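Asker: Kindly generate the corresponding structure for this input.
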Amino acid sequence: MSRPAHRRPEYRKINKDLFVLTYGALVAQLCKDYEKDEDVNNYLDKMGYGIGTRLVEDFLARSCVRRCHSYSEITDIIAQVAFKTYLGITPSVTCNNPSRTAFSLILDKNPLVEFVEELPAGRSSLCYCNLLCGIIRGALEMVHLAADVTFLQDKLKGDSVTEIGITFLKKLDEKKYRRKK
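Answerer: Residues are numbered from 1 along each chain as shown. Below you'll find the model as predicted:
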């Protein structure tokens, strides 16, 4: 039996809120388990990387995007399609260098921090949303692109915006990842 179409946005909001609250509880538990912010950041990045390596298949199946021919195109797809699909937001994209290999995603609104007012006391180096960096890095690697993905600015740390930097390092060797017949 199908659900009425008029109720779907409500379910999405409940699911999003549940995810955001669960994520907050996860970060809080990691802060209890690990003394150093660097350890929490690394754990969130590794967790995100694992999610990204799996999420990319779902993304490619749902979005029907075609092969991209530039880093700029790839970054636009990440911002306009992936973020919109999974987080309901569309970050703006800026290019950070003349060789067009470094970009920034500017998030005016970050749903992962919807219920967070500030970082926990004594946790000034915590990258609360480092999961996102891992997801992007993992997904890019699965399509044979190496990238460095880091938070450049964070509203939780007093910056005016939240900014994720993506620097494409090199194209990975496709032969290494091809299936053997």
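Asker: Send over the helix or strand hosting residue 163 as PDB, restricted to the C-alpha atoms.
Answerer: Assessed by DSSP states H and E, residue 163 sits inside strand 162-171. The C-alpha trace of strand 162-171 is given here as PDB (Å, rounded to 0.1, in the frame of the first residue of the first chain):
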ATOM      1  CA  THR A 162      31.100  26.500   6.500                       C
ATOM      2  CA  GLU A 163      33.500  25.700   3.700                       C
ATOM      3  CA  ILE A 164      34.700  22.300   2.500                       C
ATOM      4  CA  GLY A 165      37.800  22.300   0.300                       C
ATOM      5  CA  ILE A 166      38.300  19.700  -2.400                       C
ATOM      6  CA  THR A 167      41.700  19.500  -4.100                       C
ATOM      7  CA  PHE A 168      41.900  16.900  -6.800                       C
ATOM      8  CA  LEU A 169      45.300  15.300  -6.600                       C
ATOM      9  CA  LYS A 170      45.500  13.000  -9.700                       C
ATOM     10  CA  LYS A 171      43.500  10.600 -11.600                       C
END
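Asker: Residues touching that strand, excluding its own?
Answerer: Residues from elsewhere that reach strand 162-171, judged by CB atoms under 8 Å, 6 or more residues apart in numbering: 71, 74-75, 78, 91, 96, 101-107, 110, 113, 129, 132-133, 136, 140, 144-156. (Each C-beta comes from the backbone N, C-alpha and C, glycine too.)
Asker: Kindly report the same for stretch 130-143.
Answerer: So stretch 130-143 is contacted by 23, 40-41, 44-53, 55-57, 59, 74, 78, 82, 112, 127, 146-151, 164, 166, 168, 172 (CB under 8 Å, 6+ apart).
Asker: List the ones among these that fall in helices.
Answerer: Per DSSP state H, helices hold the following members of those: 23, 40-41, 44-53, 55-57, 59, 74.
Asker: Pull out the buried residues from those residues.
Answerer: Among the ones in helices among the contacts of stretch 130-143, those scoring as buried are 23, 40-41, 44-45, 47-49, 51-53, 55-56, 59, 74 (criterion: 16 or more other CB atoms under 10 Å).
Asker: May I ask which two of those are separated the most?
Answerer: 40 and 74 (28.7 Å; CB to CB).
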